[in-house]
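A.B. asks: sequence and predicted structure are below.
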Number of protein chains: 2
Amino acid sequence: MENDPLRIGIVGLGTVGASVVNLLHNEAGALAHRSPRPLQVVAVSARDAGRSRGLDLSNIQWMDDPVALATHPDVDVVVELVGGAEGTARAVVEAALTAGKSVITANKSLLAHHGFALAQLAEKNGATLAFEAAVAGGIPIIKALREGGAANTIEKFYGILNGTCNYILTTMKKTRADFADVLAEAQHLGYAEADPSFDIDGTDTAHKLAILSSIAFGTRVDLGAVQCEGIRSVVFEDIQMADSLGYVIKLLGFAEKRGDAVSQRVYPCLVPKNAVIAPVDDVYNAVVFFGDYVGQVMIQGRGAGGNPTASAVVADLLDLANGRVSSAFGRKTENLAIAAPVPEESHEGCFYVRLMVLDKAGVVAQIASELSKEGISIKTLTQREQKIQGAVPLVFTTHACREAVMKRVLSHLESSDFLSAKPTMLRIEY
Amino acid sequence: MENDPLRIGIVGLGTVGASVVNLLHNEAGALAHRSPRPLQVVAVSARDAGRSRGLDLSNIQWMDDPVALATHPDVDVVVELVGGAEGTARAVVEAALTAGKSVITANKSLLAHHGFALAQLAEKNGATLAFEAAVAGGIPIIKALREGGAANTIEKFYGILNGTCNYILTTMKKTRADFADVLAEAQHLGYAEADPSFDIDGTDTAHKLAILSSIAFGTRVDLGAVQCEGIRSVVFEDIQMADSLGYVIKLLGFAEKRGDAVSQRVYPCLVPKNAVIAPVDDVYNAVVFFGDYVGQVMIQGRGAGGNPTASAVVADLLDLANGRVSSAFGRKTENLAIAAPVPEESHEGCFYVRLMVLDKAGVVAQIASELSKEGISIKTLTQREQKIQGAVPLVFTTHACREAVMKRVLSHLESSDFLSAKPTMLRIEY
């Protein structure tokens, strides 16, 4: 048993699935040194048996029914690479765990929605549920939080968790282009999906944040508690203005423990150029976490793509073959607490606001007065000369204030007669 | 047995030892969720039993003889925090492993000198030898290479592995001070030892590099093969000139697989300001590695200090208590290859050279001619006006050339009559 092959069944043969098959084949010699048991793919299942994938699938059983694969007596571990919170992916993972088979998955959506229940199911059946590939692709961030940082109480973490958004924001800055143009190019290059909403609305980042929060804080995955805004509203003007003020704009996910409550937020924000995460550009991901003993740790690398994701999947397979197993979220499910969310309104921070104002006398005075009335202190204020559709951009940044108060001021201003468009408000972080 | 306490014996109660005792005590509640077995310190041994350490050592047996502790039947795992390649540290680790007890150590010197033999000893006696704390303090880089990146063939890695040197170089730049002054201040602040040679001559970096090389490439630890230069020769003038050319100066360790041979080098070098490792300042460490599937991964964090190091020691204890064990260097010792070193002369790269030249006619022409004769192409050349002890600094950078050729030119120039001091040659990397 100890040196018997670890028999692997793979469900899903898209980009990642194909990379996993290739990696296991191409690196077999090196992997043999790192595992007491040979890693052997015995069965695969995917939607289209006829499609040519350029893979050598000889000696591997093709099964049309993915759930039958998941429960097949010849399969020790099921690698789920279908994706999606429901349907085939969920059925396969539940069937495998119920049958006491371990599951390795790259499916952040499934884990964000059903992670706690699946961890319970794995525990009940003595199976391992591993998902290094589900967050930040090839970066071993789950291992770093769950094992490497396990001696610490994690206070907070934040990260760039979506390569598509980071590519779009970076490219907007480099090419001085607007969001829609860069998105179209990213779609053309295959960096963004035909339906990009999952990425650009922050949903994907929210999924990953919810998974990491559970591991970092020992709480149950709570996707519904994530406050989430995407990058659709970011225009080149903001990136340029942020640059001149000493910032870059990044889509970040933040999670923080506050007493028994957990704050989880996803939004585009201004980050000082000298911040540790500011130089992480293009499709790279990065996570920064803070432990009470270790201090600040940052890990960065490729957050997506077939090969980096396959690297993480096979790392999980090697852990399993070596008997290095962990509870899914780092502790028994009975020890995962239910955390209250932190109310959005209670947040405090500095803000960047861009108003498109009509060129009238007294406008600046009126805005300054509204801010002053609410006790918000202005840090910088810039009005540019160039007109865009009859209005000029007026940008100010603030000292720390309550987010609810800032929003109240903006809603007052919106009802005034000198704004030509809805105000843009971005948070300033770190 | 499975839920029995993991009984820990600690040898060495300096800064790190005290932090480990405190961490295990202060975080006991959180750790209980992350371990099926209670982590219980049952015995300690240190040089001076009478010294007050501000630690609660009640219910812990004090043992004057560290080797007796290492073999005591009540001890399951020995934590060695004495340091040094020989003496007590070596005796304790060898005794424990021989007795079949697992060992956790932060001792890079011991592992760099005797790592392979100790790994054999552990293997023979069915014991675990773990040492996350030995390299880069709290950063889980050993876990990242040995497990997180285990699916990859690692092609190369490099890193800032010594916090003292990074602090000195960073502070020289910030305060425009010279090496000796900053070193004295670092000693005053406790960032550098009274005898700083271990750090500033690159020895400590070489130890860590040799350990990481073994894990990354699957080769036996080979400290003797590390080419090593320290930072004593770096003067403020070089840091300033590098800055104006777009570089920072860092003490880096590099390791690269070239066929069956392994190149291991430690030296101060110029790194472009936009390189991923350039912003890693002060006492922070960072490692960048390249896997054939995962691509580039960087991990950074605190490389030293009691608490970060204790974080790594306790992470190893948690792995042990959870049964997550690995071979010391990621594979069986019989699979660790003996790698030939890459001869120093075969290296190729770009160079930064500072010559202190006497203000005579024809000097630049002579230097340019020497370089041209050897086929070395100049990239930039700067001569400053200000005289230092009768000579002016002449700095040039080169396009890629063989290191051996560059050194030959410099040795020719040294014998000329227009240099007031030995040339300074620094490599330009990344």
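C.D. replies: Ah, there it is.

A.B. asks: domains in chain A, by residue range?
C.D. replies: A:6-134, A:141-302, A:346-428 (automatic domain parsing).

A.B. asks: tell me which of those domains sits most buried.
C.D. replies: A comparison of these by mean neighbour count, using mean count of other Cβ atoms under 10 Å in any protein chain shown, puts domain A:141-302 on top with a mean of 21. Backbone N, C-alpha and C define where each C-beta goes, glycine included.

A.B. asks: any idea of the mean pLDDT for it?
C.D. replies: When pLDDT is averaged along domain A:141-302, the result is 95.

A.B. asks: for it, how far is the first residue from the last?
C.D. replies: End-to-end distance for domain A:141-302, by Cα to Cα, to the nearest Å: 12 Å.

A.B. asks: could you confirm whether any residue of it contacts chain B?
C.D. replies: Yes. Using Cβ under 8 Å from any Cβ of the partner chain, we find that domain A:141-302 touches chain B at A:143-144, A:147-153, A:218, A:274, A:276, A:279, A:291-302.

A.B. asks: next step: those residues restricted to strands.
C.D. replies: Among those, the residues falling in strands (DSSP state E) are A:291, A:295-302.

A.B. asks: of those residues, which pair is most distant in space?
C.D. replies: The most widely separated members of those are A:G295 and A:R302, with 25.3 Å between them, by Cβ to Cβ.

A.B. asks: for A:S233, give its distance to B:D316.
C.D. replies: Noted for A:S233: a distance of 46 Å to B:D316, by Cβ to Cβ, to the nearest Å.

A.B. asks: now A:T170
C.D. replies: 38 Å.

A.B. asks: same question for A:A150.
C.D. replies: As judged by Cβ to Cβ, A:A150 and B:D316 stand 10 Å apart.

A.B. asks: what of A:V103?
C.D. replies: Taking Cβ to Cβ as the measure, A:V103 falls 27 Å from B:D316.

A.B. asks: again with A:A70
C.D. replies: From A:A70 across to B:D316, the span is 35 Å (Cβ to Cβ).

A.B. asks: straight-line length of stretch A:316-329, end to end?
C.D. replies: Note: stretch A:316-329 ends 14 Å apart using Cα to Cα.

A.B. asks: next, the buried residues of that stretch.
C.D. replies: A:316-322, A:324-329 (16 or more other Cβ atoms under 10 Å in any protein chain shown).

A.B. asks: ok but A:A89 is inside a strand, no?
C.D. replies: No. Judged by DSSP: H, G, I helix; E, B strand; the rest coil, A:A89 forms no part of a strand; its state is helix.

A.B. asks: what segments of the stretch 1-150 of chain A are strands?
C.D. replies: A:6-11, A:39-45, A:61-62, A:77-80, A:102-105, A:129-130 (DSSP state E, counting those that start in this stretch).

A.B. asks: so what's A:T175 closest to, chain neighbours aside?
C.D. replies: Spatial nearest neighbour of A:T175, excluding adjacent residues (Cβ to Cβ, 6 or more residues apart in numbering or on different chains): A:V182 at 7.1 Å.

A.B. asks: name the SS class of the nearest residue to A:E237 once chain neighbours are set aside, please.
C.D. replies: For A:E237, ignoring the flanking residues on the chain, the nearest one in space by Cβ to Cβ, 6+ apart is A:P393 at 6.0 Å. Under three-state DSSP, A:P393 falls in the strand class.

A.B. asks: hang on, the earlier thing: any chance of the ones in strands among the residues of domain A:141-302 next to chain B in CSV, plus distance to A:L111?
C.D. replies: Below are those laid out as CSV (distance: Cβ to Cβ, whole Å):
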residue, distance to A:L111
A:G291, 23
A:G295, 28
A:Q296, 26
A:V297, 23
A:M298, 23
A:I299, 19
A:Q300, 22
A:G301, 20
A:R302, 20
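
A.B. asks: which one of the residues you listed is nearest A:A340?
C.D. replies: Nearest to A:A340, judged by Cβ to Cβ, of these is A:G291 at 22.7 Å.

A.B. asks: so who does the closest one touch?
C.D. replies: A:149, A:151-155, A:297, B:138, B:311 (Cβ atoms under 8 Å, 6 or more residues apart in numbering or on different chains).

A.B. asks: run through the bridge partners of it.
C.D. replies: With DSSP bridges applied, A:G291 shows beta-bridge pairing to A:I154, A:G295.

A.B. asks: any idea how far it is from A:G149?
C.D. replies: For A:G291, the distance to A:G149 (Cβ to Cβ) stands at 5 Å.

A.B. asks: what touches both of these two?
C.D. replies: A:297, B:311.

A.B. asks: so where do the helices sit in the stretch 151-300 of chain A?
C.D. replies: For the stretch 151-300 of chain A, helices defined by DSSP state H, counting those that start in this stretch occupy the ranges A:163-175, A:179-189, A:197-200, A:203-217, A:236-245.

A.B. asks: show me how far the third one is from its chain's centre.
C.D. replies: Its chain's C-alpha centre lies 11 Å from the corresponding centre of helix A:197-200 when counted by Cα atoms, centre = their mean, to the nearest Å.

A.B. asks: contact residues of the stretch 301-430 of chain A facing chain B?
C.D. replies: A:301-302, A:307-308, A:310-315, A:317-319, A:322-326, A:330-332, A:335.

A.B. asks: narrow those residues to those in strands?
C.D. replies: Counting by DSSP E, those contribute A:301-302 to strands.

A.B. asks: do me a favour and get the backbone dihedrals for A:G138.
C.D. replies: Note on A:G138: its backbone torsions stand at phi -80, psi -10 [degrees, to the nearest 10].

A.B. asks: now for it, how many residues are close by?
C.D. replies: Other residues lying near A:G138 total 31 when counted by other Cβ atoms under 10 Å in any protein chain shown.

A.B. asks: circling back to that earlier point, chain B versus the residue nearest to A:E237, what's the distance?
C.D. replies: 29 Å (Cβ to the nearest Cβ, to the nearest Å).

A.B. asks: OK, contacts around the residue lying closest to A:A106 once chain neighbours are set aside?
C.D. replies: In space, and not counting its chain neighbours, A:A106 is closest to A:A133: 3.6 Å by Cβ to Cβ, 6+ apart. By Cβ under 8 Å, 6+ apart, A:A133 lies in contact with A:16, A:104-106, A:309-310, A:312-313, A:316.

A.B. asks: I am finished for the moment; much appreciated.
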